[in-house]
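Asks: Sequence first, predicted coordinates after that:
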Amino acid sequence: MNGNGSLNGEDVESITAPLIPSHHHGHNYHRFALNNTSQVALVGANVSPIESLDYEILENEFFKQDWRSHDAVEVFQYIFMKWFICFLVGIVVGMIGFCNNLAVENIAGVKFVITSNMMLEGRYWMAFVVFFVYNLALAMFASTITSLVAPAAAGSGIPEVKAYLNGVDAPGIFSIRTLIVKIIGSITAVSSSLLIGKAGPMVHTGACVAALLGQGGSKKYGLTWKWLRYFKNDRDRRDLVTCGSAAGIAASFCSPVGGLLFALEEMASWWRGALLWRAFFTTAVIAIVLRAWIDFCLSGKCGLFGTGGLIMFDVYSSNMSYHLEDVPPVLALAFVGGILGSLYNYLLTKVLRIYNLIHEKGIMYKVLLACSVSIFTSSLLFGLPWLASCRPCPADASEACPTIGRSGNYKKFQCPPGHYNDLASLIFNTNDDAISNLFSKNTDSEFQYSSVLIFLITCFCLSIFSYGVVVPAGLFVPVIVTGASYGRFVGMLMGSYTNLNHGLYAVLGAASLLGGTMRMTVSLCVIILELTNNLLLLPLVMLVLLVSKTTADVFNSNIYDLIMKAKGLPYLKGHAEPYMRQLTVRDIVTGPLQLFNGIEKVGNIVHVLRTTGHNGFPVIDESPPPEPPILFGLVLRAHLIELLKKKAFVSTPVRTTTDAFEQFSSEDFAKRGLGNGDKIEDIELTEEEMEMYIDLHPFTNASPYTVVETMSLAKALILFRQVGLRHLLVIPKMSSISPIVGILTRHDFMPEHIFGMHPMLVSSKSKRLRFRLVRKSQPRT
């Protein structure tokens, strides 16, 4: 059994056999049902074991004595360090966001300049070879370092971070290797013209920075700072990671309020006022950092494309007006956008499942898949503009026409002087510049119907096929590009029947597809407003997001929830399903259950730890016969290993005095950061020590959360999630031989486990589950 309480690959016979000597025999309570849900999940690109986080404060005697010893200065330092680390997160993530954008603009810019110059000389085949090889090399590099160095860096990282904030821990998601590969891999992958974005990886990057700073660095690589090591529990680190995820979006779109609301609406499972202030402070710092660097780049000191990029300028700013007759087409756009968003989610999950089968074959197949997608993408991006006809440059063009080798609305491509290729202006460009062209004002006659339609279909398909490759890849920008082309096409179809220009329709189209895929409303609305710098859009954007989200919710869930489910991450939703009201916790609690006495023999503890993977063990105290034993509390596996490591043994089974606290400090029982802690296999004990005893009372959480066995599963789920528990003890309603029925963990609330125990559950077409639970008497031992 791993940290979440189910058996996984253990020797069943060794677990179900009596582990405790005869004086425990009456308290070793066994349930006959086992939790067979998966204890592993797809983290990044690799299958990894997962456990739960301890957000509960463990109130044992040692903790209380240590807490009482804190003076006012230490409390002030604790509060000050929270704000100071948020400040550091803002500075570091702001710098990373700026450097990411600058690197992509320059690396991709060099590629387009070289290719355009060759095409200007008529060397079209050589231009294609350079474009093809350049993209392939970047994609191969990104895929190789991700597969070999940090597989957890693959994908956007948002599902993993969201699961972490829900209480799911996985190895490597916040390591320094993951952070470095996430940054470098995202830059090279986006520069390779794959239709992926930087925003998702930036969320993961911000979370990594916050997690590493919160634990004082990386001990594995010797990068530690003791003065930062103030936060030694999962609750404080959860708050910092929440601020880091908000910082990622803020740095991606220069959207401080949007980043804050994104963390609140989409990422965080727990929120409170103090966290709101710190997250707001973090994103405000990022806004200042980005503005300072943007002003620096405006002086022309940032390389080839130093003033380009999505975070560098306002993509839409115009005085606009709309009337009541403009609302129906906007509603239709939002409705269709919701349908397209749900279709996008459905197809993406199917493609991810297919890609996962390929990834299981090994690293070589992961790299080959990324290279194949890169080859296909390069061929389309270079070949499709040849299908578009050249158009004469407008006489009133606001910029140089045609543009050669740089960003702009009028790409020359293969056209003669004085003409431009409108499809090349969209497809043979960076994603950021394509968005800028689609959102631009006073360009209603710039694009042809066929060009925008080809670009729409290409973006829709390529963004689905590109996301699943083993590189750091985001979904925000591809969805914005696809939605903007969809909205632009709708605006062109409306023509003179609307007062809205095509650029505004592109903004609304992007909003509709974002709402249809990601199902957020408030945060997306603010991000779009901050992105476009136009508050006049607010009513229409709100309307579009509400309609598109409502429409898409009819068909499936938001894309991140679907990806989490496909990856096998045990995410607990904020509401209980209807069928949970008809089940009690006794109906789904599993076993076998291992108990310890308050004063336990060392040999028994070592045997249980070596033969099971439980992370929490109930501790009981004997009562004078015929009274049943009393539940004293819950002791954690990590604390037991620490006691064994320090050899806090006594020769006789007697209660420990307060003098025993002197050999321990709060550091000994603090959470070990993001790496693996000590293992029972590393503990070496003699035969004489195995016969000694440990008093578990001072180190046992004497006030764990408990529920009576007749409580509905729905109420237990709400308690478990809102408090952020790892273990929830189930006690009998009436006095019995055992003081505890079982332990509920995260995996016990998973539908796979519940349906496995109760196959009579039947889902109706309305998704309301009805069943008749035939309760059979189960023998209890």
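Replies: Thanks, I have it.
Asks: My guess is Leu276 contacts Ala268. True?
Replies: No - at 10.0 Å, Leu276 does not count as touching Ala268 under the criterion of Cβ atoms under 8 Å. Every C-beta, even on glycine, is put in place using the N, C-alpha and C of the backbone.
Asks: the more surrounded of those two?
Replies: Looking at Leu276 and Ala268 with other Cβ atoms under 10 Å, you find the greater number of neighbours at Ala268, namely 23 against 16.
Asks: Who are the contact partners of that one?
Replies: Counting by Cβ atoms under 8 Å, 6 or more residues apart in numbering, Ala268 makes contact with Leu165, Thr242, Ser245, Leu275.
Asks: so what's the last one closest to, chain neighbours aside?
Replies: The shortest distance from Leu275 to any residue other than its chain neighbours is 5.3 Å, reached at Asp239 (Cβ to Cβ, 6 or more residues apart in numbering).
Asks: Tabulate the CA atom coordinates of the helix or strand the one you found falls within in PDB.
Replies: Taking DSSP states H and E as the criterion, the element that holds Asp239 is helix 234-253. As requested, the backbone C-alpha atoms of helix 234-253 are provided in PDB (Å, rounded to 0.1, in the frame of the first residue of the first chain):
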ATOM      1  CA  ASP A 234       2.900  21.000   2.900                       C
ATOM      2  CA  ARG A 235       0.400  23.700   3.800                       C
ATOM      3  CA  ASP A 236       2.800  26.600   3.500                       C
ATOM      4  CA  ARG A 237       4.400  25.100   0.400                       C
ATOM      5  CA  ARG A 238       0.900  24.800  -1.100                       C
ATOM      6  CA  ASP A 239       0.300  28.500  -0.600                       C
ATOM      7  CA  LEU A 240       3.600  29.400  -2.300                       C
ATOM      8  CA  VAL A 241       2.900  27.100  -5.300                       C
ATOM      9  CA  THR A 242      -0.400  28.800  -5.700                       C
ATOM     10  CA  CYS A 243       1.300  32.200  -5.900                       C
ATOM     11  CA  GLY A 244       3.800  30.700  -8.300                       C
ATOM     12  CA  SER A 245       1.000  29.500 -10.600                       C
ATOM     13  CA  ALA A 246      -0.500  32.900 -10.600                       C
ATOM     14  CA  ALA A 247       2.900  34.400 -11.400                       C
ATOM     15  CA  GLY A 248       3.200  32.100 -14.500                       C
ATOM     16  CA  ILE A 249       0.100  33.500 -16.200                       C
ATOM     17  CA  ALA A 250       0.900  37.000 -15.100                       C
ATOM     18  CA  ALA A 251       4.300  36.700 -16.800                       C
ATOM     19  CA  SER A 252       3.000  35.100 -19.900                       C
ATOM     20  CA  PHE A 253       0.400  37.700 -20.800                       C
END
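Asks: Determine the set of other helices and strands touching it.
Replies: Other elements packing on helix 234-253 under the criterion 3 or more Cβ pairs under 8 Å, 6 or more residues apart in numbering; DSSP states H and E are helix 72-120, helix 158-166, helix 199-214, helix 256-262, helix 273-297, helix 522-532.
Asks: Can you tell me which helices and strands the second one packs against?
Replies: If contacts are counted by 3+ Cβ pairs under 8 Å, 6+ apart, helix 158-166 sits against helix 199-214, helix 234-253, helix 559-567.
Asks: which one is Tyr449 nearest to, not counting chain neighbours?
Replies: In space, not counting the residues next to it along the chain, Tyr449 is nearest to Met492; the distance is 5.9 Å by Cβ to Cβ, 6+ apart.
Asks: contacting residues around that neighbour?
Replies: Applying Cβ under 8 Å, 6+ apart, the residues near Met492 are Asp444, Phe447, Tyr449, Val452, His502.
Asks: May I see those residues organised as TSV, with pLDDT added?
Replies: Listed next are those as TSV, based on pLDDT from 0 to 100:
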residue	pLDDT
Asp444	75
Phe447	86
Tyr449	90
Val452	92
His502	86
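Asks: would you turn these into CSV with distance to Gly214?
Replies: Conversion of these to CSV gives the following (distance: Cβ to Cβ, whole Å):
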residue, distance to Gly214
Asp444, 50
Phe447, 48
Tyr449, 52
Val452, 46
His502, 46
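Asks: Helices - which of those residues land there?
Replies: Secondary structure assignment by DSSP state H places Tyr449, Val452, His502 of those in helices.
Asks: Counting neighbours, what do you get for the first one?
Replies: Same thing as Tyr449. If you count neighbours by other Cβ under 10 Å, Tyr449 ends up with 10.
Asks: Surely it and Arg488 touch.
Replies: No - using Cβ under 8 Å, Tyr449 makes no contact with Arg488, being 10.2 Å away.
Asks: For these two, list the residues in contact with both.
Replies: None of the residues lies in contact with both Tyr449 and Arg488 under the rule Cβ under 8 Å, 6+ apart.
Asks: Now do Asp587 against Ser712, distance only.
Replies: In this structure, Asp587 lies at 10 Å from Ser712, with Cβ to Cβ, to the nearest Å as the measure.
Asks: next one: Leu380
Replies: Leu380 is 54 Å from Ser712, by Cβ to Cβ.
Asks: Repeat that for Lys232.
Replies: Counting by Cβ to Cβ, the separation of Lys232 from Ser712 is 36 Å.
Asks: any low-confidence regions in the stretch 101-250 of the chain?
Replies: Using pLDDT under 70 as the threshold, the predicted model of the stretch 101-250 of the chain has low-confidence ranges 217-230.
Asks: CA atoms only for stretch 266-273 - export them in PDB, please.
Replies: Taking Å, rounded to 0.1, in the frame of the first residue of the first chain, the C-alpha atoms of stretch 266-273 are listed here in PDB:
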ATOM      1  CA  GLU A 266      -8.800  27.200 -12.000                       C
ATOM      2  CA  MET A 267      -5.800  26.100 -10.000                       C
ATOM      3  CA  ALA A 268      -6.400  26.400  -6.200                       C
ATOM      4  CA  SER A 269      -8.600  23.900  -4.300                       C
ATOM      5  CA  TRP A 270      -8.200  26.000  -1.100                       C
ATOM      6  CA  TRP A 271      -8.300  29.800  -0.800                       C
ATOM      7  CA  ARG A 272      -8.300  32.400   1.900                       C
ATOM      8  CA  GLY A 273      -7.900  36.100   2.300                       C
END
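Asks: just how off-centre is it within its chain?
Replies: On the basis of Cα atoms, centre = their mean, to the nearest Å, the separation between the geometric centre of stretch 266-273 and that of its chain is 14 Å.
Asks: picking that back up, nearest to Thr686, of the ones in helices among the contacts of Met492?
Replies: Distance to Thr686, by Cβ to Cβ, is smallest for Val452 among the ones in helices among the contacts of Met492, at 77.5 Å.
Asks: Name the residues of stretch 88-104 that are buried.
Replies: For stretch 88-104, a neighbour-count test (16 or more other Cβ atoms under 10 Å) marks 88-98, 100-104 as buried.
Asks: what does it contact?
Replies: Counting by Cβ under 8 Å, 6+ apart, 183, 186-187, 190-191, 198, 202, 205-206, 209-210, 213, 240, 243-244, 247-248, 250-252, 281-286, 288-290, 293, 297, 302-303, 306, 309-312, 430 sit against stretch 88-104.
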